[in-house]
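Colleague: Kindly generate the corresponding structure for this input.
(one chain, ligands or ions: 1)
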Amino acid sequence: MLLRMAIIFFAAVVPLAAQGIPPNPTPVQANPSPLTDTEALSREALVWLAQLIQINTTNPPGNEQAAAKYIAGILEREGITPEVLEVAPGRSAVVARLRSSAISNPSRALLLVAHMDVVGAERARWTVDPFGAVMKDGYMYGRGALDDKSMLAANLAAIIALKRSNARLNRDVIFLATDDEEAGGDASIRALIAKNWDKFAAGYALNEGGEVISKGSKVQYVAVQASEKVSVNVAVIAKGPSGHASLPTKDNAVVHLAAAVAKIGSYSAPVHFTTVVRRYFEGLAAISDDEVGKWMRSLEAPDRGEHAQRVISDANPQWGSMMRDSIAPTMLSAGVRANVIPGEARAMLNIRLLPGDTIDVLLGALSKLVNDPHVRFEVQPNAGLAAPTSSLETDLYAVITKVASQEFGGAPVLPYQSPWATDSSQLRLHNVQAYGLWPFPITDEDLARMHGDDERLYVASFNKGVAVLLNIVTDFAVTK
Ligand SMILES: [Zn+2]
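Modeller: Residues are numbered from 1 along each chain as shown. This is a model prediction of the structure:
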């Protein structure tokens, strides 16, 4: 079975040599210090990244088992014993541990997390094969190059470098590759924690979710994700009498729904500042141009705060989303025939709540706004759960701040509350101090390709990120 899988896998792989990538990474055995020779390490990690991209883990269906076996094989060759955890048919996670002592202390352990699944790719809109791991103009192209196979390869590199160096660890370091992150479904980290928490219980975690934003070759700032917004889907349902389309009435469900969606679309929820967001804007103001910086500093000013909030929200949709609950209508459905007035019309809203806000309060405000007895709201199942914010006072946060600032030319390191969700919220719900650190410097233009067409990562950025991650892990987990 394994052999057959290996044959199928390798037959599907585009020859890496043709793309300038050596097909077999040569382990760095001669070098006495794998913790400092990050150049050789990142060359190996680039091959892992390429081969992971070539394993199509589009979710659904995911098929992360193939990627899990590939990763397990690499770990085994390094003398690290992996465990492949079956989460659902065809869907697996991988866990591996470097021990600091005979008896583990989970509260001290450091977990390195990345997910193996990717979102779908519209092949026709890409200029290269999204699963080809094509190298072009100094970039690695492919679905997952950013989200999240680069982090996966960097985590792998970090645990392997620690193992090769025989580093004396002051805490366990645990590698975890998760599945079903993009859909957050039945095989996601929630299920993994429910069944296998003891295998990767940790007090600290590094995961995706942060950003190292660069302009040209200069890093502007480093955003370390310490909390995230909570995703909730809400159906808007309008009802009215169905009937012959030649006899329209005023209580047509389509008309009522359309009016409700139009009102919701122009609604802006009240602004709240969490500690993380407050500190983020304070730090960003210092490096922004005068005009933007001025408004960032005025966000909570009693006289012009409201105006400042509008200016900053308009300048960048992400900033707007960081200070309030956001609502995006995403789906519409009604009707079965062109000449039949339907009895029901539905819209779907994807809502992202600030941590601490509740859906009931927001829906109360929306009901008042819509003010239509024909229209009601229905919260959909599988809503995200609000998790506590990771502390900005931990040793790990201090290490991230110190190392990232050193490595990125003194760029400010800011706490960050992401508008999107990651596996970290589930970890935070289990008392893990989880930080989103995506260590690869990236421009806003390239970042916009995440989940989009021609996703790509600059190879020099990847190499830098591998080194930065390893330095953070070493600083935090290796006895000096
Ligand atoms: Zn991701």
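
Colleague: which bits of the protein sit near the ion?
Modeller: Residues of the chain lying close to the ion (C-beta under 5 Å from the ion) are Asp147, Asp148, Glu208. Where you see a C-beta, it was placed from the backbone N, CA and C, and this is true even at glycine.

Colleague: On the three-state scheme, the residue of the stretch 251-400 of the chain at minimum distance from the ion is what?
Modeller: Using C-beta to the ion, the single residue of the stretch 251-400 of the chain nearest to the ion is Gly384, 14.5 Å away. Following DSSP: H, G, I helix; E, B strand; the rest coil, Gly384 is assigned to coil.

Colleague: Surely it is in contact with Ser231?
Modeller: Yes: in terms of C-beta atoms under 8 Å, Gly384 counts as a neighbour of Ser231; the distance is 4.5 Å.

Colleague: Can you name the residue of the stretch 351-480 of the chain nearest to the ion?
Modeller: Thr422 (6.4 Å).

Colleague: Which secondary structure element is home to the closest residue to that residue other than its chain neighbours?
Modeller: Nearest non-adjacent residue to Thr422, counting by C-beta to C-beta, 6 or more residues apart in numbering: Gly209, 4.3 Å away. Counting by DSSP states H and E, there is no helix or strand that carries Gly209.

Colleague: what do you get for Asn155?
Modeller: Per DSSP H and E: helix 149-164 holds Asn155.

Colleague: so for that helix, what's the average pLDDT?
Modeller: Averaging pLDDT along helix 149-164 yields 98.

Colleague: just the CA coordinates of the helix ranked longest in the chain, formatted as CSV?
Modeller: When the chain is parsed with DSSP state H, its longest helix is helix 459-477. Taking Å, rounded to 0.1, in the frame of the first residue of the first chain, the C-alpha atoms of helix 459-477 are listed here in CSV:
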residue,chain,number,x,y,z
VAL,A,459,12.5,32.3,-2.1
ALA,A,460,14.8,34.8,-0.4
SER,A,461,11.8,35.5,2.0
PHE,A,462,11.3,31.9,2.6
ASN,A,463,15.0,31.4,3.5
LYS,A,464,14.9,34.3,5.9
GLY,A,465,11.7,33.0,7.5
VAL,A,466,13.2,29.6,8.1
ALA,A,467,16.2,31.3,9.8
VAL,A,468,14.0,33.6,11.9
LEU,A,469,11.7,30.8,13.1
LEU,A,470,14.7,28.6,14.0
ASN,A,471,16.3,31.5,15.9
ILE,A,472,13.1,32.1,17.9
VAL,A,473,12.7,28.5,18.7
THR,A,474,16.3,28.1,19.7
ASP,A,475,16.2,31.2,21.9
PHE,A,476,13.1,30.0,23.7
ALA,A,477,13.7,26.3,24.0
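
Colleague: Average pLDDT for that helix, rounded please.
Modeller: 98.

Colleague: Please apply the same query to stretch 417-426.
Modeller: pLDDT averaged over stretch 417-426 gives 94.

Colleague: Figure out how far it is from the centre of its chain.
Modeller: The chain centroid and the centroid of stretch 417-426 are separated by 7 Å under C-alpha atoms, centre = their mean, to the nearest Å.

Colleague: What's the local residue count around the residue of the stretch 201-350 of the chain found nearest the ion?
Modeller: Closest contact between the stretch 201-350 of the chain and the ion, by C-beta to the ion, is at Glu208 (4.9 Å). The number of residues packed near Glu208 is 25, by other C-beta atoms under 10 Å.

Colleague: show me the contacts for it.
Modeller: Contact analysis of Glu208 by C-beta atoms under 8 Å, 6 or more residues apart in numbering lists Val113, Ala114, His115, Asp147, Asp148, Met151, Thr422, Gly436, Trp438.

Colleague: try it again with 7 Å
Modeller: Ala114, Asp147, Asp148, Met151, Thr422, Gly436, Trp438 (C-beta atoms under 7 Å, 6 or more residues apart in numbering).

Colleague: now these as a markdown table including neighbour count and secondary structure?
Modeller: Below are these laid out as a markdown table (neighbours: other C-beta atoms under 10 Å; DSSP: H, G, I helix; E, B strand; the rest coil):
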| residue | neighbour count | secondary structure |
| --- | --- | --- |
| Ala114 | 26 | strand |
| Asp147 | 22 | coil |
| Asp148 | 28 | coil |
| Met151 | 28 | helix |
| Thr422 | 23 | coil |
| Gly436 | 27 | strand |
| Trp438 | 29 | coil |
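
Colleague: need those residues in JSON lines with distance to Asp251, can you?
Modeller: Shown next, in JSON lines, are the contacts of Glu208 (distance: C-beta to C-beta, whole Å):
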{"residue": "Ala114", "distance to Asp251": "52"}
{"residue": "Asp147", "distance to Asp251": "45"}
{"residue": "Asp148", "distance to Asp251": "48"}
{"residue": "Met151", "distance to Asp251": "52"}
{"residue": "Thr422", "distance to Asp251": "44"}
{"residue": "Gly436", "distance to Asp251": "48"}
{"residue": "Trp438", "distance to Asp251": "50"}
